[in-house]
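Visitor: sequence unavailable; structure follows:
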């Protein structure tokens, strides 16, 4: 072959995906988040029914538990999307991560206002920084994932 000659291989090759190897772990993660998804819906109904019967509710405890269940529901949705998709990164993963970050960041502002709230010892301008920091970090991670989606799309267009 000469200096400017090159070979073009046109045989189809099997596309390797990152998550094919991780299907077991993703399946386990999804199975563990399914009960959390149901709890996000069922527990508020139980709390409301209990309140009708005169049970005293701790609003802060209920709000923190519901925040946990909502975050787990969003995580379950993103895990399901990862299981069903061939892509390592997706817009759904970006949106779920961003939504989790916003929920946690907003909770860091709302929780200190609720009755029965006990300060964690680290507050900053009426925000609970124990919640604010993970929320902000998730938002930053969502932006990094957004860039990864763009890079993956560009790579797929090149190939």
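Guide: Received it, and whenever you're ready, just let me know what you need. Note that the structure is predicted; figures quoted are calculated from it, not measured.

Visitor: and residue 128, how many neighbours?
Guide: Counted with other C-beta atoms under 10 Å, the neighbours of residue 128 add up to 20. Any C-beta I mention is one placed from the backbone N, CA and C, and that applies to glycine too.

Visitor: contacting residues for the spatially closest residue to it that is not a sequence neighbour?
Guide: Excluding the flanking residues, the one nearest residue 128 by C-beta to C-beta, 6 or more residues apart in numbering is residue 108, at 4.7 Å. Going by C-beta atoms under 8 Å, 6 or more residues apart in numbering, residue 108 touches 127, 128, 129, 130, 131, 132, 135.

Visitor: redo that, cut-off 10 Å
Guide: 123-124, 126-136 (C-beta atoms under 10 Å, 6 or more residues apart in numbering).

Visitor: out of these, which end up buried?
Guide: Taking 16 or more other C-beta atoms under 10 Å as the criterion, what is buried in the contacts of residue 108 is 127, 128, 129, 131, 132, 133, 134, 135.

Visitor: quick one: the strands in this protein?
Guide: Along the chain, the stretches classed as strands by DSSP state E are 123-124, 127-128.

Visitor: which stretch in those strands is the model least sure about?
Guide: The minimum mean pLDDT among the strands of the chain belongs to strand 123-124 (a mean of 64).

Visitor: quick one: find the helix or strand in this protein with the lowest mean pLDDT.
Guide: strand 123-124 (a mean of 64; mean pLDDT, DSSP states H and E).

Visitor: farthest pair in the buried ones among the contacts of residue 108?
Guide: Using C-beta to C-beta, these span at most 12.3 Å, a distance reached by 127 and 134.

Visitor: with that, I have no additional questions.
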